[in-house]
Every structure is written in C-alpha cells, then in structure tokens.
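# predicted model, plus sequence, below.
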Amino acid sequence: MGDVLVLGGTGTTGRRVVAGLREAGVPVRAATRKPGEPGQVRFDWTDRSTYAGALHDVSAMYLLPPIGEVSPARLVEPFLDDALAAGVRRVVLLSSSAVTADTPGLGDLQRLVRAAPEWAVLKPSWFMQNFTGEHLVAQGVRDGEIVTATGDARVAFVDAGDIAAVAVRALTDPGPHNTEHVLTGPSALSYAEAASIVAARTGRPVRHRAVSTAEFAAWLTASGIPESFAAVLAALDEDIRRGAEDRVTPAVEEVTGRPARSFRTFAEEEVR
Ligand SMILES: NC(=O)c1ccc[n+]([C@@H]2O[C@H](COP(=O)([O-])OP(=O)(O)OC[C@H]3O[C@@H](n4cnc5c(N)ncnc54)[C@H](OP(=O)(O)O)[C@@H]3O)[C@@H](O)[C@H]2O)c1
C-alpha cells in the first residue's frame, strides 16, 4: 500500500485528517502550496507540474476541492485523471450537505469521484469551526454581530474533528465505503442560539442579524468575496432559511463508533 495524500493538508479538515492518519500509524503526505515541515508535499491546483510529485506512490487520497471555484471540475477532472493513471485506488471527496450531484459546478465532483475504483463522498453540514479562526462568522463573533440570511432556521453544525474522523475511516477501512455520508452534529441550532452559546463561553455579547438573501450577497461582496461566489453563498443561506439543514444524521457515530461532538462542547473547548 502507498501513502495517503491529503489535499488541503494544512486546512481546517485536512490537518485533522493528517493528524488522525498519523495517530493510526498510516503513512501520510500533507499537500500544501508552501511545504516547510516533514511529511508535506508541494501541491497547487493551478500548477499542473506539481501533480506528479504529490501523486507519486499514493494509494488513497482526501480530495479537498479548489476553494472558491465556481466550476471546480475544470481543475479536478484532469487531476483525477492523473491520480487514477498514477495508481490511486481510493478517493474520499469533501463535498457539502448543500451539494447534490445536480448542483451546478460543485455537483460535478460527486460524479467524477465515482470513477475511482473505491470512493466516498463526505457531505458535512456547516462547520462548528466557522465560529473560530478567519471565517466571516468568527469575525462576527469578534465584532459582536453575526450576519446571515438564514432567518431563525436551524443548522446541525458539525465538528471538523468528526468530519476528519469519518474521513480517516473512509480512507483506511479495509472495505471501501462507496457511498455518501451526510455528516451533522448531534442537534440543530439557529445562529441566534449558537451565538448565545458562544457569548456565554466568551463573556462577550454576540447577536445574530438576519438579513435578506440579496442584502447578504451585497454584504459578502463588500466583505471582499467575489460577486459570483457571494451569490452562491447567499443562495446557500436561503436554503438554510427554508429548512434544508434542520436535520440530524447518525453518520458520524455509525462510521466512527462514537457520538458526534456537541456545539456546546466545541464552544467550551475551542472558542476563546
Ligand atoms: N465551512 C463550512 O461550513 C463548510 C461546510 C460544508 C462544506 N465545506 C467545504 O469545505 C471545504 C473547505 O474545507 P476546509 O475548511 O478543510 O479548508 P480550508 O481550511 O479553507 O483550507 C483550505 C486548504 O486549501 C489549500 N489551498 C488553498 N489554495 C490552494 C491551491 N491553489 N492549491 C492547493 N491547495 C490550496 C490550503 O493550503 P495551503 O494554503 O497550505 O496551500 C488549505 O490547506 C470547501 O470545499 C467547502 O465547500 C465547508
């Protein structure tokens, strides 16, 4: 068996996948545009000359698609061709609960990975970790106001560590999963409810301001997100407002054997 290649190996889910694989004693290579640490390999979606080195002697990979790309298949399709030709057998795609095979752009990837002999598609709900780090929601936590177009609808936020734990199983279980896993946390919360849990943790007030889809798209663009991608993100909030993310699945526990982490535990352990 070759190494496991983790694309986005420095990111929110990827670095947790790398850590989980190392803990399990699996040889792993973390892809990044700027390798500087042992176990990292240079990979850049926009530079095809980096593909062969990253794929050399790899048998399975965690596929984090190029971020912010409205039509990611134009980069992912040639990369997957190279990967399968280089001998990669198993591909685990990070997709999203909001994406189906019919979703323009991102949906194409769910079809493409089925060309691998062994595959899994992870479809997480919105990440708990959006409330920390550089995400706009986290910025809202720091500013005291989270802006969304989700109204008072609920989202079953999921922990990035749980996504990674499922990915590790999908990458290393003897039998391929060859299925989609819709991944959620153990309960669904509105942004106002999530904000109050975070505020109780930090001791600083945080409110949720619900705006219309059009106002949210304009707000995202003003925050520096390209207009076409802002429209995609605002439409996802509208789906949430209609109830698309108000459901809990048992997939994390079924795959990993342990319950999904709650938002409250996440806030206690990760929000500062
Ligand atoms: N946030 C959510 O609530 C949510 C919910 C469902 C699904 N998702 C999906 O999750 C994905 C984001 O996953 P994540 O949070 O784990 O990622 P992330 O933390 O945003 O990390 C992005 C990774 O991409 C790498 N990267 C950036 N540009 C690159 C390029 N040109 N070539 C190669 N690598 C590049 C970065 O590595 P270097 O900078 O080291 O090169 C980094 O490791 C998105 O596809 C999103 O649709 C997110």
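Everything's here; your move.
# SS state for residue 92?
State at residue 92, reduced to three classes by DSSP: H, G, I helix; E, B strand; the rest coil: strand.
# tell me the spacing between it and residue 215.
37 Å (C-beta to C-beta, to the nearest Å). (Glycine included, C-beta is placed from N, CA and C.)
# more crowded one of those two?
The neighbour count for residue 92 versus residue 215, taken as other C-beta atoms under 10 Å, is higher for residue 92 (29 against 14).
# surely that one touches residue 170?
Yes: counting by C-beta atoms under 8 Å, residue 92 does reach residue 170; the two are 4.6 Å apart.
# overlap in contacts of those two?
Common contacts of residue 92 and residue 170, defined by C-beta atoms under 8 Å, 6 or more residues apart in numbering, comprise 120, 122.
# quick one, strands of the stretch 51-200 of the chain?
58-63, 90-94, 118-124, 145-148, 154-155, 179-183, 189-190 (DSSP state E, counting those that start in this stretch).
# turn these into CSV, columns for distance to residue 255.
What follows is the strands of the stretch 51-200 of the chain, written out as CSV (distance: least, C-beta to C-beta, whole Å):
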stretch, distance to residue 255
strand 58-63, 15
strand 90-94, 11
strand 118-124, 9
strand 145-148, 29
strand 154-155, 21
strand 179-183, 6
strand 189-190, 23
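# possible to save these as CSV with mean pLDDT and distance to the ligand?
Below are the strands of the stretch 51-200 of the chain laid out as CSV (pLDDT from 0 to 100; distance: least, C-beta to the nearest ligand atom, whole Å):
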stretch, mean pLDDT, distance to the ligand
strand 58-63, 98, 9
strand 90-94, 98, 5
strand 118-124, 98, 5
strand 145-148, 98, 12
strand 154-155, 98, 9
strand 179-183, 98, 9
strand 189-190, 98, 14
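# what about residue 99, neighbour count?
Around residue 99 there are 18 residues (other C-beta under 10 Å).
# can you tell me how far the closest residue to it other than its chain neighbours is from residue 269?
Closest residue to residue 99 apart from its sequence neighbours, by C-beta to C-beta, 6 or more residues apart in numbering: residue 106 at 4.6 Å. Separation of residue 106 from residue 269 (C-beta to C-beta): 30 Å.
# and the residue of the stretch 151-272 of the chain found nearest the ligand, how many neighbours?
Proximity of the stretch 151-272 of the chain to the ligand (C-beta to the nearest ligand atom) peaks at residue 160, 6.7 Å away. The tally of other residues near residue 160 (other C-beta under 10 Å) stands at 23.
# which ones are touching it?
12-13, 16, 127-129.
# where does this protein come near the ligand, residue by residue?
8, 10-14, 32-34, 43-46, 64-67, 94, 96, 124, 126-127, 130 (C-beta under 6 Å from any ligand atom).
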